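Student: Just to be clear, the model below is a prediction. Sequence and coordinates:
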Amino acid sequence: MTNASEDCPTCGESLSVAEMLLCLRTEDGRRVCQTVLVCGNRHAWARWADRPEETLRESPYPPHLDRRRSQGVDR
Ligand SMILES: [Zn+2]
């Protein structure tokens, strides 16, 4: 089973991976990568990279679609 063809829970558009973000996960105090996915309507969703079974949650920040500015993400 692959997760390459997920649909946006809001609008049903297919999702694609926008970026990976290293974040501090408050619930266990660990730094973990989040996969950020976006659909064609720019809805943003995130999921912990080490928890592929988990449902998508709304991304707390807009993904940096402009790749020139993808540096300096620190949260
Ligand atoms: Zn959508």
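Tutor: Looks like it came in fine.

Student: need the residues of the protein near the ion, please.
Tutor: Neighbours of the ion within the chain, by CB under 5 Å from the ion: C8, T10, C11, E13, C39, N41, H43. Bear in mind the C-beta positions are built from the backbone N, C-alpha and C, glycine included.

Student: List buried residues within the residues you listed.
Tutor: C8, C39, H43 (16 or more other CB atoms under 10 Å).

Student: Could you provide those residues in JSON lines, with additional columns for pLDDT?
Tutor: Output for those, formatted as JSON lines (pLDDT from 0 to 100):
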{"residue": "C8", "pLDDT": "95"}
{"residue": "C39", "pLDDT": "93"}
{"residue": "H43", "pLDDT": "92"}
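
Student: okay if I get those residues as JSON lines plus secondary structure?
Tutor: Below are these laid out as JSON lines (DSSP: H, G, I helix; E, B strand; the rest coil):
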{"residue": "C8", "secondary structure": "coil"}
{"residue": "C39", "secondary structure": "coil"}
{"residue": "H43", "secondary structure": "coil"}
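
Student: Would you tell me which one of the residues of the chain next to the ion comes nearest to E54?
Tutor: Comparing the residues of the chain next to the ion against E54 with CB to CB places C8 closest, at 16.4 Å.

Student: Might one say that the closest one is in contact with A44?
Tutor: No. With contacts defined as CB atoms under 8 Å, C8 does not count as touching A44, sitting 9.6 Å away.

Student: residues touching the residue nearest to A44 when sequence neighbours are not counted, list them.
Tutor: Closest residue in space to A44, ignoring its immediate chain neighbours: S59 at 3.7 Å, by CB to CB, 6 or more residues apart in numbering. Applying CB atoms under 8 Å, 6 or more residues apart in numbering, we find S59 in contact with V36, A44, W45, A46.
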